[in-house]
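# Here's my sequence, what's the structure:
(chains A and B)
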Amino acid sequence: MTHTVRQHAVVTLALLLALPEPARAYLKFSVQTLRAGTVTLRWDASRPVRYFVTNRGVPGVSASDFQAAVARAFDTWEAVPTASIRFQFAGFTNAEPFEDDDLSVLGFQNKPELERVLGATGFVVDVLTGEIVEADIFFNSAFDWSTASAGQPGRFDVQSTALHEIGHFLGLGHSALGETEVRGVGRRVLASGAVMFPISFGPGNTADRELQPDDIAGVSDLYPEAGFRNATGAARGQVTRGGRPLFGAHVVAFNPATRALIGGFSANTNGEFQIAGLTPGPHVIRVEPLDDADVDSFFSGEDAVDVDFQVTYFERLFIAPRGGVGGRFVVEVRPK
Amino acid sequence: MINRLLPLLFLLLPAPTLATVFIPADFAELVTGCRAIVHGRVVDVRAQTTGDRRSIETLVTLTAVEHFKGNLGSTVTFKVPGGQIGRYRRVLVGAPVFERGDEVIVFLNATSPSIPHLYGLSQGVFRIARDTGGRDVVTPPPVMAQGIGAERVVRGDPARRPLAVDEFGRKVRDILERVR
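Next comes the predicted model:
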């Protein structure tokens, strides 16, 4: 299918927003469609997803270095044993990311209007069907980049950024598993529990080339390999404050045996959440506000995110079943 | 008893690693880095093709209630990536979405003579909502250091609460005074 921006103007439809899907683990994108209702944004996993790479490098990173680093990041997602998704490098191209040309393109671009943004992923979605027409990833050439195997001081790691952006490319939203610190002026990341945590630690580091349990649960939930759902369990419940549903709480399931953290959100107006991909067994459930984050990078919708409450633990251990969803529970948070 | 042990179990966290995409900014960096800070209400949201006609962007127009920094006039228009024209919607992950009637404080930048854009994308947006006490507050609360040394940002810290709009404005002006 070929479409151009000019052709887009021919048909005018009601505004349909891409929204985080409610009541599931992590954040997955969904889109309201005219024909199919609300659908989860995901690729057809029955065939490889094709992508192109721009044929331009930047100082310190040639086009072929860039392509190789990006391919390693795609391979990392493809290697998740509980997920079923494949990719295919379709070649170098003169096309640019974020052109509406039906091609999924990754490449460097200079975008002065996206200062403080290392990279970003964009989709073109057909709102009649929910089909992904293309997805592009840009890497901001205003920064210095490296593909060195051990990283390079002062330069951001292409492969780490690619791994995060490819998570979006697959349909995953941001994770809130991370923490930061502020100094007199400036802020930096101390730790994160997911590649999909939205903010960067700093140049020279390559630790983010590996997926974490939250990322693996997310991609496995989107593209489950046979057996994934039978081998793992899910927690579901509701977050309330003063007995009323609370929208936008971050809900974390921590498995003391494996030390895995998997996060979800109360992402609908009923305050409901569901965290899938849990290893069977006991979990600690912690509910916390997104009061240290720009909530617009997590949610895009009409409902106000409530951040004015204290960290609250579910009073019992939650036992994730093997295959299926555990009993529904309610966490009543304490106001600040 | 188990109640007391649950938080302790969280101390068994995995070793830290890194994340990507945004270069994080604290509140002072946002205030000093942008060219204008505007409190306003969204009166128009309009998708259009980009100047090179290759993609889609959205123009968001505010009626300004107050300028905390700079002065862009009583009506302010800025652009955000993405939008919908016809049956196709371009979504940039992490880019804020605005609707008519939204009340916001936006941190704007511009590479003259272009239309202003959000400084730091979603980092440059603070939304105004009514709290349970019926007060209009800015959310999320700004993240900023209280002293000179490093301070861990603790999620759920009772000391960091959504601010009333005038308190928010005072914090902006305090920062601008300090750097003057």
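# gap between the residue nearest the centre of chain B and A:Thr206?
Nearest to the geometric centre of chain B sits B:Val125, at 2.0 Å (C-alpha atoms, centre = their mean). Noted for B:Val125: a distance of 31 Å to A:Thr206, by C-beta to C-beta, to the nearest Å. For the C-beta atoms, the positions are set from N, CA and C on the backbone; glycine is no exception.
# Now do the strand or helix carrying B:Val138: which elements does it pack against?
In this structure, B:Val138 sits in strand B:136-139 according to DSSP states H and E. On a contact count with 3 or more C-beta pairs under 8 Å, 6 or more residues apart in numbering or on different chains; DSSP states H and E, strand B:136-139 meets strand B:125-130, strand B:163-164, helix B:165-179.
# got a list of contacts for the longest one?
Just to be clear, that refers to helix B:165-179. Helix B:165-179 has contacts (C-beta atoms under 8 Å, 6 or more residues apart in numbering or on different chains) with B:27-28, B:31-32, B:37, B:39, B:66, B:68-69, B:105, B:126, B:128, B:136-138, B:142, B:144, B:163.
# what does the shortest one give?
The list of residues contacting strand B:163-164 from outside it, by C-beta under 8 Å, 6+ apart, reads B:135-138, B:141-142, B:171.
# Would you format those residues as JSON lines with pLDDT included?
Supplementary listing: the contacts of strand B:163-164 in JSON lines, determined by pLDDT from 0 to 100:
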{"residue": "B:Arg135", "pLDDT": "86"}
{"residue": "B:Asp136", "pLDDT": "89"}
{"residue": "B:Val137", "pLDDT": "92"}
{"residue": "B:Val138", "pLDDT": "92"}
{"residue": "B:Pro141", "pLDDT": "87"}
{"residue": "B:Pro142", "pLDDT": "86"}
{"residue": "B:Lys171", "pLDDT": "93"}
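# ok, of those residues, which one's closest to chain A?
Nearest to chain A among these, counting by C-beta to the nearest C-beta, is B:Pro141 at 5.9 Å.
# what about the nearest residue to that closest one once chain neighbours are set aside, how many neighbours?
Leaving aside its sequence neighbours, B:Pro141 sits nearest to B:Arg160 (C-beta to C-beta, 6 or more residues apart in numbering or on different chains; 4.8 Å). Per other C-beta atoms under 10 Å in any protein chain shown, the neighbour tally for B:Arg160 reads 22.
# related to what we said a few turns ago, against which helices or strands is the helix or strand following the strand holding B:Val138 packed?
Where DSSP H and E defines the elements, the next helix or strand beyond strand B:136-139 is strand B:151-152. Packed against strand B:151-152 by the contact rule (3+ C-beta pairs under 8 Å, 6+ apart) you find strand A:178-182.
# got a list of contacts for the strand it packs on?
Under the contact criterion C-beta under 8 Å, 6+ apart, strand A:178-182 has outside partners A:187-194, A:197, A:199, A:292, B:19, B:24, B:26, B:143-145, B:150-153, B:155.
# Quickly check: whichever helix or strand comes after it near chain B or not.
Once the chain leaves strand A:178-182, the next helix or strand it forms, by DSSP H and E, is strand A:187-192. Yes - shown here: strand A:187-192 in contact with chain B (C-beta under 8 Å from any C-beta of the partner chain) through A:187-192.
# And those, which is closest to chain B?
Distance to chain B across the residues of strand A:187-192 next to chain B (C-beta to the nearest C-beta) is lowest for A:Ala191, with 3.0 Å.
# Any chance of a PyMOL selection covering the buried ones in the contacts of helix B:165-179?
Of the contacts of helix B:165-179, the buried ones can be selected in PyMOL as follows, counting by 16 or more other C-beta atoms under 10 Å in any protein chain shown:
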select buried, chain B and resi 27+28+31+37+39+68+69+105+126+128+137+138+142+144+163
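# picking up where we left off before, in its sheet, what does the strand holding B:Val138 sit against?
According to DSSP bridges, strand B:136-139 has the following sheet partners: strand B:125-130 (antiparallel), strand B:163-164 (antiparallel).
# Could you dump these into a markdown table and include mean pLDDT and distance to A:Ser297?
Shown next, in a markdown table, are the strands paired with strand B:136-139 (pLDDT from 0 to 100; distance: least, C-beta to C-beta, whole Å):
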| stretch | mean pLDDT | distance to A:Ser297 |
| --- | --- | --- |
| strand B:125-130 | 91 | 9 |
| strand B:163-164 | 92 | 20 |
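# Those into a markdown table, with extra columns for distance to A:Leu163?
Output for these, formatted as a markdown table (distance: least, C-beta to C-beta, whole Å):
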| stretch | distance to A:Leu163 |
| --- | --- |
| strand B:125-130 | 26 |
| strand B:163-164 | 36 |
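# so where is the stretch 151-300 of chain A shaky, pLDDT-wise?
For the stretch 151-300 of chain A, applying pLDDT under 70 flags the ranges A:184-185.
# if we go to 80?
A:183-186, A:200-201, A:207, A:300 (pLDDT under 80).
# got the residue ranges for the helices in it?
A:158-170, A:213-222, A:228-231 (DSSP state H, counting those that start in this stretch).
# Between those helices, which one is closest to chain B.
Of all the helices of the stretch 151-300 of chain A, it is helix A:158-170 that lies closest to chain B, at 4.0 Å by C-beta to the nearest C-beta.
# Give the other helices and strands that the helix ranked longest in chain A contacts.
Criterion DSSP state H: the longest helix present in chain A is helix A:63-78. When contacts are defined as 3+ C-beta pairs under 8 Å, 6+ apart, helix A:63-78 packs onto strand A:49-54, strand A:87-93, strand A:105-109, helix A:158-170.
# Single out the most deeply packed of these.
Mean neighbours per residue, mean count of other C-beta atoms under 10 Å in any protein chain shown, is largest over those for helix A:158-170, with a mean of 26.
# Return the residues in contact with the residue nearest to B:Pro141.
Residues in contact with B:Arg160, defined by C-beta under 8 Å, 6+ apart, are A:291-292, B:141, B:143.
# which residues touch A:Gly277?
Contacts for A:Gly277 (C-beta under 8 Å, 6+ apart) come out as A:25, A:82, A:213, A:216-218, A:220-221, A:228, A:232, A:234, A:262.
# Can you tell me the SS state at B:Arg160?
Of the three states, B:Arg160 takes coil under DSSP: H, G, I helix; E, B strand; the rest coil.
# What's the separation between it and B:Met144?
Separation of B:Arg160 from B:Met144 (C-beta to C-beta): 9 Å.
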